[in-house]
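Chemist: Here is my input; please provide its structure:
(chains A and B)
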Number of protein chains: 2
Amino acid sequence: MKIDVKEAAEFLRENNDYLILMHTSPDGDTLGCGTALCGALQRLGKNAKAVCPDEIPHKFDYLFEAFEKQDFEPKTVVCVDVADTKLLGDMKNVGDTAKLCIDHHVSNVEYAERTLLEPESGAACEIIYYVIKELGVPIDKAIANSLYTGMATDTGCFKFSNTTPRTHRIAAEMIELGADFMHINYTMFDMKTQGRIKLEHLALESIRYYANGHIAVIFAPYSMISGIEGIDSDDIGALASMPRQIQGVDVGICIKEKKKDVFKVSIRSTERIDCSKIAQKFGGGGHERASGCSFYAGTIEDIAKKVVEASEKACREAGII
Amino acid sequence: MKIDVKEAAEFLRENNDYLILMHTSPDGDTLGCGTALCGALQRLGKNAKAVCPDEIPHKFDYLFEAFEKQDFEPKTVVCVDVADTKLLGDMKNVGDTAKLCIDHHVSNVEYAERTLLEPESGAACEIIYYVIKELGVPIDKAIANSLYTGMATDTGCFKFSNTTPRTHRIAAEMIELGADFMHINYTMFDMKTQGRIKLEHLALESIRYYANGHIAVIFAPYSMISGIEGIDSDDIGALASMPRQIQGVDVGICIKEKKKDVFKVSIRSTERIDCSKIAQKFGGGGHERASGCSFYAGTIEDIAKKVVEASEKACREAGII
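Modeler: Have a look, this model is predicted:
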């Protein structure tokens, strides 16, 4: 059943003993939602905890200042920024009992008893903001930090197409309420580990251009990734956006081999190319401008050859080359 | 004489034939101010042109859609985002006749007959926004693009400490008025030339760490810079922020030799170190967290040794090492 902000707030006021679930491979938005909502429910006098099935990268530690650890038997499961219980890993079964889901993914499969879905929200944290307002809980610095984090990270610091005037206006209010936006933005966008710097250096070294510079490929074989200490999946994931940032590149490809013989290919494109179609040729998929596919055999060179050929074909069909 | 927004608008309504000057080494804020104000004055029926003494990088071309080229004899000089006429290069003399200056630099020397100064503005474009509102000129897409560009670039896409709730709220309005924020942000922050990619790769290769990782140095000697085709001063300038982004680094140093034997040293620091004091030891200066100095002799290794020693001393005094 689809519900609105008012109904979600009503439900949250009427129940208690909340277990708030955040998705696996946690990002700033799911963690921002979970910690902000948990803090708000506790301030209403409710029992609440926010849990993620995966380990949470340390850079997000500050978000957990928004609520206190409480010891109680959870009764009411709420999922935030979780489009499908498949995204709950080991906690899928718990997610399947969800009474409420608050989300902004158009792909939400409406698994929960009640779904508050606003696909036009740049970040799910924007919806949580309105729920907290409706609950009448004053937003303090810690909750403001959580909500700001979700909005800034999901919109690439207000750069991506999902940013709306509303995102900016809520961000303005969060800064007024004490959100430590400088620290948050530095941690989320600018800070890099020594390992990340080394990885980026090797990745840049590996770049090859095709189709007159309209296609660029980064090669990150197992030998490269395994040779660098102190990098995490965030660092490796960030390689995906690098080739597309190069001027003139319409299809940016990154081939990562985190585990031996498991190749993840990320494809990013300009509006001139629908790169989900390229990924689909290899059993993958995704969005028009960001897609991916996997290979479990072959050499990185062979895989690059195949994906580049498919990309060249797409460029030819689009009249780019 | 210091004036307010109302008085500035009054002055602009009463006069005509405007020459709007933007500072040398033009950035998004001075260009955003100049083009937006020029467009607004033309929409009021005035003659106006916006001029920069330096060549303007092509990535800013779209800003010049905000006004039409007009042929007239300028009578009224207005400087925007120009703290001192020294920043007008060949046009210093023209700047010295300025009737009005609109700026946000606390260091403004008040050279103009009238100065509208708001140091609390994240970008000078925020002040121009209020002046245009006061003039009663409706903000169209082109002017919105100019104002958005100034705000986004001067605040590092809403990341830096100079961002205020007001910056976000004006940005929200500019998006509503049609600002093409996605394209602007991609062009200003994400797009890199192949030359820039090569430069970053070599710069990352050159990184050396000192003081247990609290100091990092990037070396960009003449042999490196001159060997890369198609890079501009923007690309080289961007190296300055790289070493400080590394986790654990309190002093990030970048030594650039754009011309043979002319070494520009950029120093960036965390809040634990006042790096203007390090630069001052070598005849330079700047802000607490961003400073610089120059050397006109010696080898890049010698210069690095001196600046690293001074930085180590600062780290010791701050109790970091």
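Chemist: residues contacting the residue nearest to residue A:188 when sequence neighbours are not counted?
Modeler: Excluding its sequence neighbours, the residue lying closest to residue A:188 (Cβ to Cβ, 6 or more residues apart in numbering or on different chains) is residue A:153, at 5.5 Å. C-beta: built from backbone N, CA, C; applies to glycine. Residues in contact with residue A:153, defined by Cβ atoms under 8 Å, 6 or more residues apart in numbering or on different chains, are A:27-29, A:32, A:123, A:188.
Chemist: Just read off the phi/psi values of residue A:153.
Modeler: When read as degrees, to the nearest 10, the backbone of residue A:153 gives phi -70, psi -40.
Chemist: what about the closest residue to chain B within the stretch 1-150 of chain A, neighbour count?
Modeler: In the stretch 1-150 of chain A, no residue comes nearer to chain B than residue A:59, which is 9.3 Å away by Cβ to the nearest Cβ. Residues within reach of residue A:59, counting by other Cβ atoms under 10 Å in any protein chain shown, total 16.
Chemist: Around the closest residue to it other than its chain neighbours, how many other residues sit close by?
Modeler: Nearest in space to residue A:59, with sequence neighbours left out and distances taken as Cβ to Cβ, 6+ apart, is residue A:187 at 5.2 Å. The number of residues packed around residue A:187, counting by other Cβ under 10 Å, is 18.
Chemist: Thought residue A:58 was touching residue A:187, still the case?
Modeler: No. Contact criterion Cβ atoms under 8 Å: residue A:187 and residue A:58 do not qualify, at 9.9 Å.
Chemist: check which helix or strand covers residue A:223.
Modeler: Per DSSP states H and E, residue A:223 falls inside helix A:222-225.
Chemist: Could I get the CA-only coordinates of the helix or strand just after that helix as CSV?
Modeler: Of the helices and strands lying after helix A:222-225 in sequence (DSSP H and E), the nearest is helix A:233-237. Provided in CSV are the C-alpha atoms of helix A:233-237 (Å, rounded to 0.1, in the frame of the first residue of the first chain):
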residue,chain,number,x,y,z
SER,A,233,35.6,-1.2,-2.4
ASP,A,234,34.8,2.5,-2.3
ASP,A,235,38.2,3.3,-3.7
ILE,A,236,37.9,0.7,-6.4
GLY,A,237,34.3,1.8,-7.2
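Chemist: who does residue A:115 bridge with?
Modeler: residue A:2, residue A:101 (DSSP bridges).
Chemist: Show the contacting residues for it.
Modeler: A:1-3, A:100-101, A:103, A:108.
Chemist: quick one: the residue lying closest to residue A:217 once chain neighbours are set aside from residue A:172, how far?
Modeler: Closest residue in space to residue A:217, ignoring its immediate chain neighbours: residue A:253 at 4.5 Å, by Cβ to Cβ, 6+ apart. Note on residue A:253: its distance to residue A:172, by Cβ to Cβ, to the nearest Å, is 38 Å.
Chemist: of those two, who's got more company?
Modeler: More neighbours surround residue A:253 than the other of residue A:253 and residue A:172, with 28 against 22 (other Cβ under 10 Å).
Chemist: What ranges in the stretch 101-250 of chain A fall below the confidence cut-off?
Modeler: Applying pLDDT under 70 to the stretch 101-250 of chain A flags no residue at all.
Chemist: All the strands of it, in order from the start?
Modeler: A:114-117, A:208-210, A:215-220 (DSSP state E, counting those that start in this stretch).
Chemist: For the closest residue to residue A:73 other than its chain neighbours, give me the pLDDT.
Modeler: Using Cβ to Cβ, 6+ apart and skipping residues adjacent in sequence, the residue nearest residue A:73 is residue A:17, 6.5 Å away. Residue A:17 is assigned a pLDDT of 98 by the prediction.
Chemist: What about residue A:17, how many residues nearby?
Modeler: With other Cβ under 10 Å as criterion, residue A:17 counts 16.
Chemist: From residue A:273, how far off is it?
Modeler: 49 Å.
Chemist: what does residue A:38 give?
Modeler: For residue A:38 relative to residue A:273 (Cβ to Cβ), the value is 41 Å.
Chemist: With neighbour numbers in mind, choose between those two.
Modeler: A direct count of neighbours by other Cβ under 10 Å for residue A:38 and residue A:273 places residue A:38 higher, at 30 against 23.
Chemist: Now do the SS call for the more buried one.
Modeler: Put simply, residue A:38 is helix when judged by DSSP: H, G, I helix; E, B strand; the rest coil.
Chemist: Assess the claim that it and residue A:18 are in contact.
Modeler: Yes. At 7.3 Å, residue A:38 and residue A:18 qualify as touching, with contact defined as Cβ under 8 Å.
Chemist: Between these two, which contacts overlap?
Modeler: A:48-49.
Chemist: what mean pLDDT does the helix ranked longest in chain A have?
Modeler: Secondary structure of chain A per DSSP state H: the longest helix is helix A:300-317. The pLDDT scores in helix A:300-317 average 98.
Chemist: any idea of the angle it forms with strand A:215-220?
Modeler: With axes from the mean of the first three to the mean of the last three Cα atoms, to 10 degrees defining the directions, helix A:300-317 sits at 160 degrees from strand A:215-220.
Chemist: thinking again about what came up before, which among the contacts of residue A:153 count as buried?
Modeler: A:27-29, A:32, A:123, A:188 (16 or more other Cβ atoms under 10 Å in any protein chain shown).
Chemist: Now the two most distant members of the residues you listed.
Modeler: Spanning the widest gap among the buried ones among the contacts of residue A:153 are A:123 and A:188, at 12.6 Å by Cβ to Cβ.
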